[in-house]
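In: A predicted structure for the sequence below; I have some questions about it.
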Amino acid sequence: MQRATKIVATLGPASSDASTLTRLVRAGIDVVRLNFSHGTPDDHRLRVETLRECIRTVGRTVGIMADLQGPKIRVGKFANNKIQLQPGQTFILDADCKLGDNERVGLDYPELIGDVEPGNVLLLDDGRIVLDIERIEGRCIYTTVRVGGDLSNNKGINRQGGGLSAPALTPKDKEDIKTAASLNVDFVAVSFPKSGADMRQARELLTAAGSDALLIAKIERAEAIPALEEIILACDGIMVARGDLAVEVGDAAVPALQKRMIRLAREHNRLTITATQMMESMITSPIPTRAEVSDVANAVLDGTDAVMLSAETAAGRYPVETVEAMARVCVEAEKSQEVALERDFLNRIFTRIDQSIAMAALFSAHHLNVKAIASLTQSGSTALWMSRLNCGVPIYALTPEVRTRYKLSMYRGVTPIMVKELPSDRDAVLADAETELTRAGAVAPGDTIVLTIGEPIGTPGGTNTLKIVKVGERSASQAS
């Protein structure tokens, strides 16, 4: 069975050499993530160059996503690198402290002092340390430790319930957008947006840098939840970033939010990525836990376009084995996924001809014994609309546009295939489509396929024709 759900793998020290990258591409990664929280522009450039050489060697389409760091609020450094906090003790967050100790530590974001008040709760190191704010004096926040433990250098700070004023795009992010554009990445992920305005600003900066990359909003702030639809409409896709989100809204709220976010994004024809700790144990173990298997499977059943690996492939011992395990889980989950097109079509209004053709192709493929859907596309829009609903038939997007091919790498259920420049004659185009699908092993002579195309040929957004044909019939009739 062909896997529909895509796999995003983060590159890092464990996965940046040519040999490992080639194995990861063969194992099935669809998109690589460059984590701009770590590394220099030259590090990212070298990884991109190595990846592209591996792609050429293996012959697969793998997209590239630049993930911006965003305003990660952290404690400073300690004189001895680490301390231990005891419940009940007083601990001070001091904006002027250079090296911390058991009584106080510095802040890399002094503006935190103006964002909090007595009675607020601060969560450090992904919620492992809990501090109750007692008072604020000058540039110091005095707290009482509710939940203690080890605290080391540069651990993150969240306010329970959200509400921090840090902007989504820092000066570093703005420079990193220029770097991402120079690397010709296919996706750019924005960390900690809290409104559609944040995403529109990122779009303006990306366009000014000369990039048409798809924009992904990482939903990880409590404030993003009330503004969810506004954010979704301002971007091309969302990431359900469950780490910081769980710290701010509470871990118990995340599963329901995940389902809601994926459903809403799909309804608005946006991409979805589910991320954070999906196979965390495989950083050190060659096999996942049963809970991790269920987590990945549930994300697939929720309808996510992609599932993402972070430290598992960036720094883990078993990066290739992790991708292979995730791929197996996705395939098994997809086997049990319900196909309910009639229900899915209810309450949907199609205002565009190309969108109506896409929906007609899905409906026809579902009710006929069709082997594949082939969308001949310039922009990829028809393939995107098809991928929003599950019809149980694989979708192949045939495009002469290199940029479109790599953007399609994230679309659930869509396999991008590069074709030469489309001829102006429709019959020649359809014959080329049959040839490419046969060469790719997607179909064989006698198989029925559904084809969508736009006329006049080569016009972006102009899909207006649907054909149902048997592979090989055209050449057989021409030979006779």
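Out: In hand now; what should we look at?
In: switch to C-alpha atoms for all contacts and neighbour counts from now on
Out: OK.
In: which helix or strand contains Arg33?
Out: Assignment of secondary structure by DSSP states H and E places Arg33 within strand 31-35.
In: I meant Lys178, not that one.
Out: Going by DSSP H and E, Lys178 is in helix 171-182.
In: so what touches stretch 174-185?
Out: 36, 41, 45, 48, 63-66, 68, 188, 205-206, 209-211, 213 (C-alpha atoms under 8 Å, 6 or more residues apart in numbering).
In: for it, which residues meet the burial criterion?
Out: 174, 176-181, 183-185 (16 or more other C-alpha atoms under 10 Å).
In: just the helices in the stretch 251-400 of the chain please.
Out: 254-267, 290-302, 311-314, 319-335, 341-345, 353-367, 381-387 (DSSP state H, counting those that start in this stretch).
In: for the first one, enumerate the helices and strands it packs against.
Out: Taking 3 or more C-alpha pairs under 8 Å, 6 or more residues apart in numbering; DSSP states H and E as the contact definition, the neighbouring helices and strands of helix 254-267 are helix 228-233, strand 237-241, helix 242-249, strand 271-275, helix 290-302.
In: pLDDT (mean, whole number) over the fourth one?
Out: Averaged over strand 271-275, pLDDT sits at 98.
In: I'd guessed Glu421 sits against Pro400; true?
Out: Yes - in terms of C-alpha atoms under 8 Å, Glu421 counts as a neighbour of Pro400; the distance is 5.2 Å.
In: between these two, which is the more surrounded one?
Out: Pro400 (18 against 11; other C-alpha atoms under 10 Å).
In: show me what contacts that one?
Out: For Pro400, the contact set (C-alpha under 8 Å, 6+ apart) comprises 378, 418-422.
In: can you check Leu430 too?
Out: Here Leu430 is in contact with Leu451 (C-alpha under 8 Å, 6+ apart).
In: next, give phi and psi for it.
Out: Phi and psi for Leu430, reported as degrees, to the nearest 10, are phi -60, psi -40.
In: can you give me the pLDDT of it?
Out: Per-residue pLDDT puts Leu430 at 79.
In: let's verify the residue lying closest to Ile29 once chain neighbours are set aside: helix, strand, or coil?
Out: Counting by C-alpha to C-alpha, 6 or more residues apart in numbering, Ile29 lies nearest to Ile7, which is 5.2 Å off, once chain neighbours are set aside. When classified by DSSP: H, G, I helix; E, B strand; the rest coil, Ile7 comes out as strand.
In: got the contact list for Ile7?
Out: Counting by C-alpha under 8 Å, 6+ apart, Ile7 has contacts 28-31, 306-309, 323, 326-327.
In: so which of the residues you listed is the most crowded?
Out: Most surrounded of the contacts of Ile7: other C-alpha under 10 Å gives Met308, at 28 neighbours.
In: where's that residue relative to Ala275, distance?
Out: 5 Å (C-alpha to C-alpha, to the nearest Å).
In: ok, now Cys391?
Out: Taking C-alpha to C-alpha, one finds Cys391 at 25 Å from Ala275.
In: also Glu134?
Out: Taken as C-alpha to C-alpha, the span from Glu134 to Ala275 is 35 Å.
In: what of Thr20?
Out: For Thr20, the distance to Ala275 - C-alpha to C-alpha - is 22 Å.
In: quick revisit: nearest to Pro445, of the contacts of Pro400?
Out: Nearest to Pro445 among the contacts of Pro400, counting by C-alpha to C-alpha, is Val419 at 19.8 Å.
In: Thr170 reaches Gly70, doesn't it?
Out: Yes - if you go by C-alpha under 8 Å, Thr170 and Gly70 touch, sitting 6.2 Å apart.
In: what about those two, which has more around it?
Out: Higher neighbour count among Thr170 and Gly70: Gly70, with 22 against 15, using other C-alpha under 10 Å.
In: spatially nearest residue to that one, not counting backbone neighbours?
Out: Spatially, and ignoring its direct neighbours in sequence, Gly70 is nearest to Ser191 (4.9 Å; C-alpha to C-alpha, 6+ apart).
In: would you turn the contacts of Ile7 into TSV with pLDDT and distance to Ala252?
Out: Putting these into TSV (pLDDT from 0 to 100; distance: C-alpha to C-alpha, whole Å) gives the following:
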residue	pLDDT	distance to Ala252
Gly28	96	32
Ile29	98	30
Asp30	98	30
Val31	98	29
Ala306	98	22
Val307	98	20
Met308	98	21
Leu309	98	22
Val323	98	27
Met326	98	24
Ala327	98	27
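In: closest one of those to Pro255?
Out: Using C-alpha to C-alpha, Val307 comes nearest to Pro255 of the contacts of Ile7, at 14.7 Å.
In: surely that closest one and Leu271 touch.
Out: No - using C-alpha under 8 Å, Val307 is not in contact with Leu271, being 11.5 Å away.
In: between Thr20 and Ala275, who's got more neighbours?
Out: A count of neighbours by other C-alpha under 10 Å puts Ala275 above the other of Thr20 and Ala275, at 21 against 15.
In: so what's that one up against?
Out: When contacts are counted by C-alpha under 8 Å, 6+ apart, Ala275 is found next to 239-242, 307-310.
In: out of these, who's nearest Val443?
Out: When the contacts of Ala275 are compared for distance to Val443 (C-alpha to C-alpha), Val307 wins out at 27.5 Å.
In: what's near enough to touch that closest one?
Out: 5-8, 273-275, 278, 296, 299-300.
In: so it versus Ser15, what's the distance?
Out: 18 Å.
In: repeat that for Leu362.
Out: Separation of Leu362 from Ser15 (C-alpha to C-alpha): 38 Å.
In: do I have it right that Leu301 meets Glu332?
Out: No - between Leu301 and Glu332 there is no contact under C-alpha under 8 Å: 10.5 Å.
In: the two: who's more crowded?
Out: Neighbours were counted for Leu301 and for Glu332 using other C-alpha under 10 Å; Leu301 has more, 18 against 14.
In: what residues are up against that one?
Out: Counting by C-alpha under 8 Å, 6+ apart, Leu301 has contacts 333-334, 337.
In: any idea how many residues pack against Asp115?
Out: Asp115 has 14 nearby residues by other C-alpha under 10 Å.
In: outline the domain layout of the chain.
Out: Per the record's domain assignment (automatic domain parsing), the chain is made up of the domains 6-69+168-335, 77-159, 341-479.
In: any idea how far the shortest one is from the chain center?
Out: Averaging C-alpha positions (C-alpha atoms, centre = their mean, to the nearest Å) puts domain 77-159 32 Å from its chain's average.
In: list the contacts of Ser152.
Out: Ser152 touches 77-78, 81-83, counting by C-alpha under 8 Å, 6+ apart.
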